[in-house]
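Peer 1: build me a model:
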Amino acid sequence: MMLRWLVSEMVRNASRKGLRSVVEQAAQQVSTPGEVTESAEEPWHCEIAIVVGMGVEAGGVIDLLKDARTTRCAHYVEHAGFLGGRRVVVAVSGTGAEAANQTTEDLIALYRPGWVVAAGFAAALQNDIQRGHFVMPQSVVDQAGRVLAVGFQLDSESSTQMNGLHCGQLLSIDELINSIEEKRRLAEQHGAVACDMETAAVAACCQRCQTRFLSVRIITDGFDERLPESMVTLNRQKSLSGKLGAAAGAIWNRPGTVKDLWKLKQDALQASDRLGRFLTGVIAQLSN
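Peer 2: Numbering: from 1, shown residues only. Coordinates of the predicted model:
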């Protein structure tokens, strides 16, 4: 969640000729592969729709698509192709509940998929859930306390047999958490093992539309990990000039900031690839 936050915050406020070009160049390897084109082709017959917040999370599964085509839609960017022999659409919605809800509504209205999968990165809320582990929640809860069941259930024996797989409750939050104390509080309040920003919105939309739903998340932020202070300062800036100044100041005062950014990017690349491979196995088990 750290790298996806960093990329989204910088790109959101960047101009085409300013920071955006710098970010896109620096993140070239984690950007969504292939050119994005406006398309008037016939709708793809979709068996399974995968909703992902950002391209940095989706890159691993998109790389595995066969006969892929990319389309810029009204509210999301769509990547359609075959994954494990199934007709799949990967939709990059943008960050947050509102974007995820709109994308899910559009996908269901257009394709009527048999399954909708909310996928991407998550942060651990418990100490025994480590970076690189997977979460396939049996239920999802939002910060208002609304609990939503998940259609695809793993029995406790199956999750126990697979090391690094958890099926506890997943919490969806509105903003980045950078405090161990806050993580502990949220875990106790909601009985959650991990948190993200979009899954509850996708689950709620699927419930309204009577569409089968599941979630697959890979842990990219360990329970005891915190965002570097320079990144927290960057997050506080509201304007592009403020963010540029904060970034320049961070690099000047602490050259190690560049190393922090590089490590975040490399971690995200590895996590995205692992998520893609894991999703392929999960999708193969879904009923029609």
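Peer 1: which residues belonging to the helix ranked longest in the chain are considered buried?
Peer 2: In the chain, ranked by residue count with DSSP state H as the criterion, the top helix is helix 256-284. For helix 256-284, a neighbour-count test (16 or more other Cβ atoms under 10 Å) marks 257, 260-261, 264-265, 267-269, 271-273, 275-276, 278-280, 282-283 as buried. To be clear about C-beta, it is placed using only N, CA and C from the backbone, and glycine gets the same treatment.
Peer 1: do stretch 181-199 as well
Peer 2: Neighbour counts using 16+ other Cβ under 10 Å place Lys183, Leu186, Ala187, His190, Ala192, Val193, Ala194, Cys195, Asp196, Met197, Glu198, Thr199 of stretch 181-199 among the buried residues.
Peer 1: so the second one, which state does it fall into?
Peer 2: Judged by DSSP: H, G, I helix; E, B strand; the rest coil, the three-state class of Leu186 is helix.
Peer 1: for it, give its distance to Asp106.
Peer 2: Look at Leu186 and Asp106: by Cβ to Cβ, to the nearest Å, they are 30 Å apart.
Peer 1: excluding residues flanking it in the chain, which one is nearest Gly120?
Peer 2: Leaving aside its sequence neighbours, Gly120 sits nearest to Glu57 (Cβ to Cβ, 6 or more residues apart in numbering; 3.9 Å).
Peer 1: need the strands for the protein, in chain order.
Peer 2: With strands called from DSSP state E, the chain shows them at 48-52, 66-72, 77-83, 86-92, 115-124, 134-135, 139-142, 147-149, 165-166, 169-172, 192-196, 212-221.
Peer 1: can you state the direction angle for the last one and strand 48-52?
Peer 2: For strand 212-221 and strand 48-52, the angle between their directions (axes from the mean of the first three to the mean of the last three Cα atoms, to 10 degrees) works out to 30 degrees.
Peer 1: counting by contacts, list what strand 212-221 packs against.
Peer 2: For strand 212-221, the packing partners by 3 or more Cβ pairs under 8 Å, 6 or more residues apart in numbering; DSSP states H and E come out as helix 2-12, strand 115-124, strand 134-135, strand 192-196, helix 199-208, helix 256-284.
Peer 1: just checking: what are the partner strands of it?
Peer 2: Partners of strand 212-221 in the sheet, by DSSP bridges, are strand 115-124 (parallel), strand 134-135 (antiparallel).
Peer 1: quick one on the thing from earlier: nearest approach to Gly94 belongs to which of the helices and strands packed on strand 212-221?
Peer 2: Of all the helices and strands packed on strand 212-221, it is helix 2-12 that lies closest to Gly94, at 7.8 Å by Cβ to Cβ.
Peer 1: how much space between His45 and Ala149?
Peer 2: His45 is 28 Å from Ala149, by Cβ to Cβ.
Peer 1: re the thing from before, tabulate the buried residues of stretch 181-199 (a markdown table), appending distance to Val92 and pLDDT.
Peer 2: What follows is the buried residues of stretch 181-199, written out as a markdown table (distance: Cβ to Cβ, whole Å; pLDDT from 0 to 100):
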| residue | distance to Val92 | pLDDT |
| --- | --- | --- |
| Lys183 | 27 | 94 |
| Leu186 | 26 | 95 |
| Ala187 | 29 | 96 |
| His190 | 27 | 96 |
| Ala192 | 25 | 97 |
| Val193 | 25 | 97 |
| Ala194 | 21 | 97 |
| Cys195 | 20 | 96 |
| Asp196 | 15 | 96 |
| Met197 | 14 | 95 |
| Glu198 | 11 | 97 |
| Thr199 | 15 | 98 |
